[in-house]
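> Structural data only, the sequence is not supplied:
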């Protein structure tokens, strides 16, 4: 498994922005497809965004499309989630996840084999 460490969460007002980072170690980062998921209190973990190994292919949940951007820097073994126009419904613990090998980007949490500890994002009204 790969070790993943998220950072960048915090408290922000509605309409604001945050950038999450996820640093990976333990295996070749460029071989992994990456994803971001989130879990709000009392809710199931849900897909947010995914990115291919090269970074050329991305997918987003409808709820964040146009506001969030996933990107990666394979030289730094890091994946990012830029979050703009945040609203209170974006409040959640955000997790990055890694999926080894090829194939299409996946929106299913079960397809990812490694997970970070999560970082809290709180959006105030």
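All right, it came through fine. Quantities reported herein were computed from a predicted structural model and do not represent experimental measurements.
> what pairs with residue 119 across the strands?
With DSSP bridges applied, residue 119 shows beta-bridge pairing to residue 94.
> I'd assumed residue 7 was in contact with it.
Yes. In this structure residue 119 lies within contact range of residue 7 using C-beta atoms under 8 Å: 6.2 Å. For the C-beta atoms, the positions are set from N, CA and C on the backbone; glycine is no exception.
> In terms of neighbours, single out the busier of those two.
Between residue 119 and residue 7, counting by other C-beta atoms under 10 Å, residue 119 is the more crowded of the two (22 against 13).
> Point me to the residue sitting closest to the centre of this protein.
Centroid-nearest residue in the chain, with C-alpha atoms, centre = their mean: residue 36, separated by 2.2 Å.
> Does it belong to a helix, a strand or coil?
Three states are possible here, and by DSSP: H, G, I helix; E, B strand; the rest coil the one that applies to residue 36 is strand.
> Let's see the pLDDT reported for it.
pLDDT, residue 36: 98.
> re earlier: mind listing the shared neighbours of residue 119 and residue 7?
Counting by C-beta atoms under 8 Å, 6 or more residues apart in numbering, the residues touching both residue 119 and residue 7 are residue 20.
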